[in-house]
Every structure is written in C-alpha cells, then in structure tokens.
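Asks: quick check, what structure comes out for this input:
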Amino acid sequence: MSDNYKKSGVDIHKGYEVVEWIKKIVAQKFDTKLSNNIGSFGCIFDLSSLNYQKPVLVSGTDGVGTKLLLAIEANQHKTIGIDLVAMCVNDILTLGAKPLYFLDYIAVEKINLEIITDIITGIVDGCIQSNCTLLGGETAEMKDMYIKNHYDLAGFITGVVEKDKLIDYKKNVKENNKIIAINSSGIHSNGYSLVRKIFFKDHNYNYDHKFEELETNLITELLKPTKIYVDIISELQNQNFKINAMANITGGGFIENIPRVIPNGLSAKINKTKIKSQNIFKLMQRLGNISEDEMYNVFNMGVGFIIIADNEEAKKIANFINGFKDYKANIIGEIINNSKTKIELIND
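Replies: Prediction:
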C-alpha cells in the first residue's frame with residue numbers, strides 16, 4: 001500500500017492497532033451477549049433481554065472542556081476518560097434512567113498508542129462505574145486540525161427507564177419539598193477556563209505546587225475525576241425512595257442547573273451555610289478575587305448532584321446516602337412559592 005496517506009498525516013495501521021486493542025479490552029470487561037460491535041459500521045444493543053415493559057430511551061452527549069488542556073500539558077491522561085463518561089451519565093440520571101451503553105469520539109493530531117490506551121482505560125473505568133457497556137466509537141487522526149500532541153473528546157450515552165418511572169419535575173416538585181445535596185469529588189469538569197486563568201495565567205503556579213489548603217499537589221487536585229453517581233442513584237431507586245426531581249450540578253453551577261428542575265411559580269431557596277465546600281473552591285475564590293455569586297454560577301462548590309423530595313422522605317434519603325460508601329449528603333434548602341426567580345441563595 002502507498003505511504004502517501006501516512007505522509008499526509010494519517011497512519012491507518014496505527015488506527016487498526018487501536019481498534020484491535022479496544023476490541024480486546026471490551027471483550028474482557030463487558031457482557032458481549034448484549035453487545036459486540038467494535039469495528040462494525042453500526043453498534044447493536046439487545047434491549048429485549050432486559051425485560052422492560054414500556055422502555056423509554058434517554059440519551060445525552062457531552063465533552064470535558066478545557067480540563068483536557070491540563071491533562072495534555074501535564075501528560076496525565078488516565079482519568080480524563082472517567083470525566084467524559086461522568087459528564088454524560090450524570091445528566092441522564094436526572095430523568096431516572098439507568099445507563100445502557102456509551103460511545104466515544106477521540107480526535108487526535110497524531111495517534112499515540114500509549115495516550116490512546118490511557119484515555120480508553122479511563123473510559124472503560126467510567127463505564128464500569130456506570131454499569132454500562134462501551135458499545136463503540138471513533139478515533140480520528142487529523143494532523144492539520146490540531147496542535148501537536150493535542151486531542152479532543154466527546155461522549156454519547158443512552159439509558160433506559162420504564163415510562164411510568166420517568167422523573168417529571170413539573171408534576172412532582174411542590175412547595176415545602178426539601179433539597180438534598182450530594183458531595184462532589186472536587187471541581188469535576190466545569191469552569192476550567194477560569195481555573196486555568198487563576199492558577200496558571202494570573203499567578204503562574206507550577207503543576208506540582210503544594211498549597212497548605214490542599215492534601216495533594218495542584219495538578220492532582222485539578223485532575224481529580226468527576227464523581228459518577230450511578231451507584232447511589234440506582235440504590236435509591238432499588239429501595240423505592242420517592243424522588244421528585246434531580247439535578248446534575250454541571251456547567252453553570254447552582255445558578256443555571258437547579259432552576260432547570262423547578263416548575264414555574266416555585267423557587268429553590270438554598271442556604272449557603274449548609275453547603276460543605278472543599279478547600280479548592282475557597283482557594284480559587286481568594287486567589288481570583290471572585291465574588292461568591294460568580295463562584296456559584298461557575299462551580300459546583302462541593303455539591304455534584306441534587307435530589308428534591310418531600311420533607312420526611314428527604315430526611316430518609318439523606319440518612320441513606322450518608323451510610324452508602326463514601327457519599328455525604330445533607331439538606332441545604334427547600335422549595336418555596338416565588339414567581340420572580342427560580343433560585344434564591346441566602347446565608348442564614
């Protein structure tokens with residue numbers, strides 16, 4: 001075969017190596033009775049064996065944003081795939097869906113088998129944490145599109161829920177419902193343009209800088225993978241707790257995400273004194289001289305996921321979460337009548 005394509009920047013043989021390696025790891029890690037499609041034109045998933053009566057499919061897609069730049073510049077790629085899965089999976093959980101399968105898209109300047117292996121290993125880890133399969137994907141080598149050694153990631157998740165168990169916040173959320181916060185693992189994967197500005201543009205810290213406030217060096221803290229909430233949400237569903245609504249605290253922080261599950265005429269009243277923010281958020285606010293309002297509009301502030309439930313049920317849910325693995329939860333607010341704003345942050 002002619003080397004002209006390779007000279008133009010595309011090494012198809014390395015692409016074949018990537019596909020073969022992914023086939024092997026998928027066969028080792030996932031149930032191929034439900035799916036076995038790596039390398040095919042299309043991806044097949046057998047839904048019939050799962051015994052749903054009226055299944056509704058729920059899909060989502062996302063990326064990792066400029067957190068990728070930190071992984072690339074620090075040459076640490078092993079957990080960025082977890083972030084990719086988490087960003088997609090946590091969104092569909094809010095509708096009551098259980099993840100079924102994940103697809104990835106990896107676009108690179110040049111295929112580096114070691115880096116691709118690290119990325120895929122993280123994606124596989126994220127899928128295992130999410131109890132879903134890696135169904136397929138695409139790896140594209142585009143030398144003219146990307147800076148040397150750079151890459152981009154995108155993910156796509158599909159989950160399933162029984163039609164009568166879809167979580168409909170418009171019907172469920174009522175006045176006096178309580179708002180439960182579940183802890184995040186850190187910054188997760190949002191706000192990294194500001195994160196990078198604070199630490200590396202405005203202050204020029206090294207990646208291995210150690211702050212007294214942090215338990216690890218800076219880059220380890222910043223690359224902590226996004227927490228995946230599948231295990232705790234699935235367990236709450238299995239225990240038949242009544243959940244009125246859920247919100248993933250993703251891009252836009254509290255200010256943009258909680259209102260997405262608040263019906264018209266109601267508002268989420270959040271008591272900020274009840275929120276247990278990790279030190280990384282306090283550090284960024286101090287170094288960046290950022291207002292508290294902006295912090296809550298950019299970052300998760302230590303809360304990765306929100307559940308809204310009736311008063312007594314909320315107490316039971318919070319107690320259950322606090323007894324499950326390393327999760328921490330507490331009630332941080334309530335739903336009130338208010339047609340002027342969907343969210344109100346107070347210090348009380």
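Asks: quick one: the strands in the chain?
Replies: 55-62, 98-108, 133-141, 151-162, 178-183, 245-248, 266-271, 303-309, 329-337, 343-346 (DSSP state E).
Asks: between those strands, which gets nearest to residue 48?
Replies: strand 55-62 (9.7 Å; Cβ to Cβ). C-betas here are computed from N, CA, C, even on glycine.
Asks: which parts of the closest one are buried?
Replies: 56, 58, 60, 62 (16 or more other Cβ atoms under 10 Å).
Asks: thinking again about what came up before, I'd like the strands of the chain as TSV, with mean pLDDT and distance to residue 17 appended.
Replies: Formatted as TSV, those follow (pLDDT from 0 to 100; distance: least, Cβ to Cβ, whole Å):
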stretch	mean pLDDT	distance to residue 17
strand 55-62	98	27
strand 98-108	95	13
strand 133-141	90	10
strand 151-162	98	17
strand 178-183	98	40
strand 245-248	98	36
strand 266-271	98	50
strand 303-309	98	36
strand 329-337	98	45
strand 343-346	97	50
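Asks: can you put those strands in CSV and add distance to residue 231?
Replies: Formatted as CSV, these follow (distance: least, Cβ to Cβ, whole Å):
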stretch, distance to residue 231
strand 55-62, 18
strand 98-108, 11
strand 133-141, 16
strand 151-162, 14
strand 178-183, 11
strand 245-248, 14
strand 266-271, 25
strand 303-309, 12
strand 329-337, 14
strand 343-346, 28
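Asks: winner for burial among the ones you listed?
Replies: Most buried of the strands of the chain, by mean neighbour count (mean count of other Cβ atoms under 10 Å): strand 303-309, with a mean of 26.
Asks: partners of that strand in the sheet?
Replies: Here strand 303-309 has these sheet partners by DSSP bridges: strand 178-183 (antiparallel), strand 245-248 (antiparallel).
Asks: ok, residue 170 - contacts?
Replies: When contacts are counted by Cβ atoms under 8 Å, 6 or more residues apart in numbering, residue 170 touches residue 263.
Asks: in TSV, list the buried residues of strand 55-62 along with distance to residue 340.
Replies: Formatted as TSV, the buried residues of strand 55-62 follow (distance: Cβ to Cβ, whole Å):
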residue	distance to residue 340
56	34
58	32
60	31
62	31
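Asks: and for the closest residue to residue 129 other than its chain neighbours, the neighbour number?
Replies: Nearest non-adjacent residue to residue 129, counting by Cβ to Cβ, 6 or more residues apart in numbering: residue 228, 4.6 Å away. Counted with other Cβ atoms under 10 Å, the neighbours of residue 228 add up to 28.
Asks: and which of the buried residues of strand 55-62 is nearest to residue 162?
Replies: Using Cβ to Cβ, residue 56 comes nearest to residue 162 of the buried residues of strand 55-62, at 7.3 Å.
Asks: pretty sure that closest one contacts residue 166?
Replies: Yes: using Cβ atoms under 8 Å, residue 56 makes contact with residue 166 at a distance of 6.1 Å.
Asks: ranges for the helices of this protein?
Replies: 4-7, 12-29, 67-74, 80-93, 113-129, 169-172, 192-196, 218-222, 230-238, 253-257, 279-288, 292-298, 311-322 (DSSP state H).
Asks: pick the most buried one from these.
Replies: By mean count of other Cβ under 10 Å, the helices of the chain have helix 80-93 as the most buried, with a mean of 27.
Asks: what helices or strands is it leaning on?
Replies: Under the contact criterion of 3 or more Cβ pairs under 8 Å, 6 or more residues apart in numbering; DSSP states H and E, helix 80-93 touches strand 55-62, helix 67-74, strand 98-108, helix 113-129, strand 151-162, helix 230-238, strand 245-248, strand 303-309.
Asks: hmm, residue 296 is touching residue 345, no?
Replies: Yes: Residue 296 lies in contact with residue 345 (Cβ under 8 Å); the separation is 6.1 Å.
Asks: pull up the overlap in contacts between these two.
Replies: By Cβ under 8 Å, 6+ apart, the residues touching both residue 296 and residue 345 are 254-255, 272.
Asks: adding distance to residue 301 and pLDDT, write those out as JSON lines.
Replies: Converted to JSON lines, those look like this (distance: Cβ to Cβ, whole Å; pLDDT from 0 to 100):
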{"residue": "254", "distance to residue 301": "7", "pLDDT": "97"}
{"residue": "255", "distance to residue 301": "11", "pLDDT": "97"}
{"residue": "272", "distance to residue 301": "8", "pLDDT": "97"}
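Asks: wait, doesn't residue 146 sit right on residue 107?
Replies: Yes: the pair residue 146 / residue 107 is scored as a contact, 7.0 Å apart, by Cβ under 8 Å.
Asks: hey, what's in contact with both of those two?
Replies: Common neighbours of residue 146 and residue 107 (Cβ under 8 Å, 6+ apart) are residue 152.
Asks: rewinding a little: how about the strands of the chain, which one is nearest residue 206?
Replies: strand 151-162 (23.4 Å).
Asks: so who does residue 193 touch?
Replies: 65-66.
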